[in-house]
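Colleague: Here is a sequence together with a model predicted from it:
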Amino acid sequence: MVILAFKPGHDGAIAAIKDRKLLFSLEAEKDSFPRYSLLNPTTVLSAVELLGELPDVIGVGGWYKRAFVAADIGAGYFGADAVTERETRIGGKPVKVYSGSHVRSHIWMSPGMAPPDDGGGRAVLVWEGLEGSFYVLDEGWNVVKEIPVLPQVGDRYAFIFALADPSYPADGRNVRLGDSGKLMALAAFADAADATPDVVETVDRMLNVDVRRPAKREFRDLPIYDAGVEAPVTKHAAALITKRIFDIYATEARREIPAGLPLYISGGCGRDCDWNSAWRELGHFSSVFVPPCANDSGSALGTAIDALFAATGDPRIDWSVYCGLEFEHDSEPDPARWSRRPVENAALADSIAGGDVIAWVQGRYEMGPRALGNRSILAEPFSTATRDRLNEIKGREDYRPIAPVCRLEEVGSLFDRDFPDPYMLYFRRVAVDTLGAVTHVDGSARAQTVTSESNRPLHDLLSAFSERHGAGVLCNTSLNFRGLGFINRMTDLESYCVARGLDGMVVGSDWWARRAP
């Protein structure tokens, strides 16, 4: 059975499954389109070319129309049971058109991608911009209990940043999709226990405000209002709301969900590594799984899994995180500017250790919002000056951390917790004082772990760096223009490296080093 599924709205994407194997997951923002893009003809054409055959099922993710049309797309946004189905014909072939709600795309995304479990009950946490509920599944994957916790949890969280940001208009109501990640970074600069009564009032108001959320100006009496995103009051509010939201959910989990079930997490809040780590450490669940595309970048795949479950009663699929498009060699770099040579890991490791910042491109791009070693910028991990240079290259705020990528076999000697994290989804503490570029202000790091099986080219480079420079770890940040998705063609890559001052480009087995001026 072949299933092709679409995600309407922001973070547009297309995914295909054939006989339970993920063929591809393509996001509209990738290949240097604007972040959070709607689906575009380029992405649709790529999907049609890759699929190469007519699907048996077309999945349409539920969403809602905007502006003056108060109507749903497909099965709509909400509802664990919201499904529509119809039959049609495409090219003479009978095709089923299936639509499950947007919430259903999240309910089935994480269980469908999770490792095998014991076949008993499961718990799914869907927390994102609008939805915030647990769902308990029985041994047959049926939803037997829905536990609403806090609606609009993601929007409430992100709106703290907007309240503090003078550039956000006073009449603004819509959350900016990038603000949650910035607030996560700021939360590390303060301790929730030090929050003043004014900060507590700010967080209480945000957690109890009507879910329709009034305009920003209606909070102008709060001390955080236009205080600046790096003001102490903002950092304390970020730390406190992070703690309070988790405590609310953890309390409901203990009260409503039997202990010992596996927890599957889905929704944009699944990108928060602090919360993911807290779920692992809670002790209530037997295991915790978060997919690398927990936010809406995986919603098309979630709809495909939902359609698979509807047809077969089993949502599980075989998948790889490297399921995007191959890199487009649409040009050759200017030989007057770049010197081409084969990649030699020892020489490349020495170049990086000497301060060179390298664009690193391998194979198919990653699903989800985080570069995991196929569309990355790599740099040495030791100097805080490298962190500052990378944030300048990326055009990011200087309070935002840079993540490390580390060989799995060295994680236990460099960080406080030794467990695999191939998708960069959990925090751990840095256990040495030499990794200044990847150590956040609170001593934490969001480390991706790599093995020779998960990503051999990157593991080989890390091994060479470890042998020659004492640690198999590098800075790893996404390869993209500011505000755009991952770079996926040579013309864009060369333009980026020239404009942002990178020292080299590795594409597959080729290394282009910048010539001396």
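Modeller: Everything's here; your move.

Colleague: Just the buried residues of stretch 77-97, please?
Modeller: Going by neighbour count (16 or more other CB atoms under 10 Å), the buried part of stretch 77-97 is Tyr77, Phe78, Gly79, Ala80, Ala82, Val83, Val95, Lys96, Val97. Every residue, glycine included, has its C-beta placed from N, CA and C.

Colleague: and what of stretch 18-26?
Modeller: Lys18, Arg20, Leu22, Leu23, Phe24, Ser25, Leu26.

Colleague: now it, how far from the centre of its chain.
Modeller: Mean-position distance between stretch 18-26 and its chain equals 19 Å (CA atoms, centre = their mean, to the nearest Å).

Colleague: what does stretch 215-227 rub up against?
Modeller: Here stretch 215-227 makes contact (CB atoms under 8 Å, 6 or more residues apart in numbering) with 159-160, 162-166, 168-173, 198-199, 201-202, 205, 231, 233-234, 237.

Colleague: picking up where we left off before, and the two most separated of the buried residues of stretch 18-26?
Modeller: Pairwise distances across those (CB to CB) peak at 19.1 Å, for the pair Arg20 and Leu26.

Colleague: returning to what we had before: give me the buried subset of the contacts of stretch 215-227.
Modeller: Judged by 16+ other CB under 10 Å, buried ones among the contacts of stretch 215-227: 159-160, 162-165, 168, 172, 199, 201-202, 205, 233-234, 237.

Colleague: pLDDT check: weakest of those residues?
Modeller: Within these, pLDDT reaches its minimum at Gly172, with 88.

Colleague: Excluding chain neighbours, give the residue nearest to that one in space.
Modeller: Using CB to CB, 6 or more residues apart in numbering and skipping residues adjacent in sequence, the residue nearest Gly172 is Lys216, 5.0 Å away.

Colleague: Equivalent analysis for Ile73, please.
Modeller: The spatial neighbour of Ile73 that comes closest, neighbours along the chain excluded (CB to CB, 6+ apart), is Trp63 at 4.2 Å.

Colleague: now the helices for the stretch 251-400 of the chain?
Modeller: With helices called from DSSP state H, counting those that start in this stretch, the stretch 251-400 of the chain shows them at 273-281, 299-312, 345-353, 384-394.

Colleague: Out of those helices, indicate the one that is most buried.
Modeller: Of all those, helix 299-312 carries the top mean neighbour count, a mean of 28, counting by mean count of other CB atoms under 10 Å.

Colleague: and that one, what other elements does it pack with?
Modeller: Applying 3 or more CB pairs under 8 Å, 6 or more residues apart in numbering; DSSP states H and E, one finds that helix 299-312 contacts strand 2-7, strand 13-18, strand 21-27, strand 57-60, strand 93-100, helix 102-113.

Colleague: would you list those in CSV and tack on mean pLDDT and distance to Leu222?
Modeller: Shown next, in CSV, are these (pLDDT from 0 to 100; distance: least, CB to CB, whole Å):
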stretch, mean pLDDT, distance to Leu222
strand 2-7, 98, 36
strand 13-18, 98, 37
strand 21-27, 98, 36
strand 57-60, 98, 41
strand 93-100, 98, 39
helix 102-113, 98, 31
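
Colleague: highest average neighbour count across these?
Modeller: helix 102-113 (a mean of 29).

Colleague: So which other helices or strands are in contact with the helix or strand following it?
Modeller: Proceeding N to C from helix 102-113, the next assigned helix or strand is strand 122-127, under DSSP states H and E. Secondary-structure packing of strand 122-127 (3+ CB pairs under 8 Å, 6+ apart): helix 102-113, strand 132-137, helix 232-256, strand 262-266.

Colleague: would you turn those into a markdown table with distance to Phe33?
Modeller: Formatted as a markdown table, the helices and strands packed on strand 122-127 follow (distance: least, CB to CB, whole Å):
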| stretch | distance to Phe33 |
| --- | --- |
| helix 102-113 | 21 |
| strand 132-137 | 29 |
| helix 232-256 | 30 |
| strand 262-266 | 24 |
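
Colleague: Between the ones you listed, which one is closest to Trp275.
Modeller: helix 232-256 (5.5 Å).

Colleague: Now do the buried residues in the helix or strand containing Trp511.
Modeller: Trp511 belongs to strand 510-514 when assigned by DSSP H and E. The neighbour-count check on strand 510-514 (16+ other CB under 10 Å) flags Trp511, Trp512, Ala513, Arg514 as buried.

Colleague: chain center to stretch 284-299: distance?
Modeller: For stretch 284-299, the distance to the chain centre is 10 Å (CA atoms, centre = their mean).

Colleague: Let me see the mean pLDDT of that stretch.
Modeller: In the prediction, stretch 284-299 has an average pLDDT of 97.

Colleague: Mind listing what's buried along it?
Modeller: Buried-residue list, stretch 284-299, by 16+ other CB under 10 Å: 284-285, 288-299.

Colleague: Tell me the one of the residues you listed nearest Ile402?
Modeller: Pro292 (18.6 Å).

Colleague: Quick one: residues contacting that closest one.
Modeller: Gly298, Val321, Glu366, Met367, Gly368, Arg370, Leu372, Tyr423, Met424, Leu425.

Colleague: Quick check: ChimeraX command selecting the buried ones in these.
Modeller: Burial among those is assessed by 16+ other CB under 10 Å; the matching ChimeraX selection reads:
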select :298,321,366,367,368,370,372,423,424,425
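
Colleague: TSV for the contacts of Pro292, including distance to Gly267?
Modeller: As requested, the contacts of Pro292 are exported to TSV (distance: CB to CB, whole Å):
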residue	distance to Gly267
Gly298	10
Val321	18
Glu366	19
Met367	16
Gly368	13
Arg370	16
Leu372	20
Tyr423	15
Met424	17
Leu425	13
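
Colleague: Pick out the most distant pair among the contacts of Pro292.
Modeller: Longest span within these, CB to CB: Gly298 and Met424, 14.8 Å.

Colleague: what sits up against stretch 465-473?
Modeller: For stretch 465-473, the surrounding residues in contact (CB under 8 Å, 6+ apart) are 346, 349-350, 352-353, 380-381, 404-407, 409-410, 414, 432, 434-435, 438, 447, 462-463, 474.

Colleague: Please measure how far the first residue of it sits from its last one.
Modeller: One end of stretch 465-473 sits 8 Å from the other (CA to CA, to the nearest Å).

Colleague: cool, and stretch 135-155?
Modeller: Terminal-residue distance, stretch 135-155 (CA to CA): 20 Å.

Colleague: Low-confidence ranges, this protein, go.
Modeller: Scanning the chain for pLDDT under 70 picks out the ranges 66-70, 211-213.

Colleague: Centroid-nearest residue for it?
Modeller: Among the residues of the chain, the one closest to the centroid is Pro369, at 3.9 Å (CA atoms, centre = their mean).

Colleague: list the contacts for that one?
Modeller: Arg271, Cys293, Asn295, Ser297, Ser478.

Colleague: Ile241 now?
Modeller: Counting by CB under 8 Å, 6+ apart, Ile241 has contacts Arg156, Tyr157, Ile160, Val203, Met206, Leu207.

Colleague: so where does the third one fall, helix or strand?
Modeller: If I follow you right, that is Ile160. Judged by DSSP H and E, Ile160 forms part of helix 153-164.

Colleague: just to revisit the earlier point, same list (the buried residues of stretch 284-299) but as a markdown table, adding distance to Asp31.
Modeller: Putting the buried residues of stretch 284-299 into a markdown table (distance: CB to CB, whole Å) gives the following:
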| residue | distance to Asp31 |
| --- | --- |
| His284 | 41 |
| Phe285 | 38 |
| Val288 | 32 |
| Phe289 | 29 |
| Val290 | 26 |
| Pro291 | 22 |
| Pro292 | 19 |
| Cys293 | 17 |
| Ala294 | 22 |
| Asn295 | 19 |
| Asp296 | 18 |
| Ser297 | 14 |
| Gly298 | 18 |
| Ser299 | 19 |
